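A.B. asks: sequence first, predicted model second:
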Amino acid sequence: MTTEELKHDLKEKIIKYLNYLSISPDEIGDDMPLFGTGLGLDSIDSIELVVMLEREYGIKIEDPKVGRKILVDVNTIANFIETHRAENVQK
């Protein structure tokens, strides 16, 4: 899966898991902030995103400080997934 395909996949899963059916993946910019002024997600949504990352990509985020660094936008999530996959391949 290319980075662009991963980003599109992430957008679709964000919409699905957060039940944001009124928007399309194309409406979520790769660098659009997920929280605050961007997509406007809240702390409950962040829990759903953490669950989604574990279920869909096998990534477990246990430290809230790490989660805040990862769940910034689609770019940061995609970069984390790709890094995580590369580390697992090297093991």
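C.D. replies: Here it is on my side, so go on.

A.B. asks: CA atoms only: put the helix or strand S46 falls within into CSV for me.
C.D. replies: Assigned by DSSP states H and E, S46 belongs to helix 43-57. Below are the C-alpha coordinates for helix 43-57, written out as CSV (Å, rounded to 0.1, in the frame of the first residue of the first chain):
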residue,chain,number,x,y,z
SER,A,43,-11.4,13.4,23.6
ILE,A,44,-14.0,10.7,23.1
ASP,A,45,-13.1,10.7,19.4
SER,A,46,-9.5,10.2,20.3
ILE,A,47,-10.3,7.0,22.1
GLU,A,48,-12.2,5.8,19.0
LEU,A,49,-9.1,6.6,16.9
VAL,A,50,-6.9,4.7,19.2
VAL,A,51,-9.3,1.7,19.0
MET,A,52,-9.3,2.0,15.2
LEU,A,53,-5.5,2.0,15.0
GLU,A,54,-5.3,-1.1,17.1
ARG,A,55,-8.1,-3.0,15.3
GLU,A,56,-7.2,-2.0,11.7
TYR,A,57,-3.4,-1.6,11.8
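
A.B. asks: ok now that helix, how far from the chain's centre?
C.D. replies: 8 Å (CA atoms, centre = their mean, to the nearest Å).

A.B. asks: by contact count, what packs against that helix?
C.D. replies: With contacts taken as 3 or more CB pairs under 8 Å, 6 or more residues apart in numbering; DSSP states H and E, helix 43-57 sits against helix 3-18, helix 74-90. (C-beta placed from N, C-alpha, C; glycine too.)
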